[in-house]
Structure formats: C-alpha cells, structure tokens
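**Q** The amino acid sequence is not available; the structure is as follows:
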C-alpha cells in the first residue's frame, strides 16, 4: 500500500521486485490505515514499514556494515523519512 502521490521511481522499483502495489490515500498515514484495514479483513499480516522492531533491527545491519568498513567513524549523515533506517543505525 502506497499513497497516490508516491514517487514514480519508488513505485516502479517496488513493482520491479514483483510486489503488487495498491495505491490508496493522499499520504502515508492513509495508505497505512487502508493496509491495516485490509489485513484485519483478509487475515493478512500487517508489517509496518518503519515502526516495527523487526524492520528496525534489519535496518541496523547497515550500521554494522558501516562499522565493519569504517571502524572509527565519527559521523553518519542520513535522510529521515519514516525513521526506521535512522532508528536501526
């Protein structure tokens, strides 16, 4: 589930990985609410894309890779969308 205004490269990349994408709502919150509604109705499992301990732990592997490659790193600059990547690193 993605909002109607999702960036076209993100939409194409997601579909390119074989995902079925449902466009719904005008923002991420509306898309997530629809995804949760669908999961409850259908019995599907809803996994929040950034506010989920397993997702954050998985994103943390990036921090480990940075430390392996640059053990004495002082600063990491990164974008903050939903915050999952930042929380993990």
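**A** Noted; the coordinates are in hand. Since we're looking at a predicted model, the values are computed, not measured. Numbering: from 1, shown residues only.
**Q** roughly how far is the one helix or strand residue 68 maps to from the heart of the chain?
**A** Counting by DSSP states H and E, the element that carries residue 68 is helix 53-69. For helix 53-69, the distance between its averaged C-alpha position and the chain's averaged C-alpha position is 14 Å (Cα atoms, centre = their mean, to the nearest Å).
**Q** tell me what it is packed against?
**A** helix 84-88 (3 or more Cβ pairs under 8 Å, 6 or more residues apart in numbering; DSSP states H and E). Just so you know, the C-beta spots here come from the backbone N, C-alpha and C atoms, and that holds for glycine as well.
**Q** pretty sure residue 66 is in contact with residue 73, am I right?
**A** Yes. If you go by Cβ atoms under 8 Å, residue 66 and residue 73 touch, sitting 6.0 Å apart.
**Q** of these two, who's got more company?
**A** For residue 66 and residue 73, the more surrounded residue by other Cβ atoms under 10 Å is residue 66, and the numbers stand at 13 against 10.
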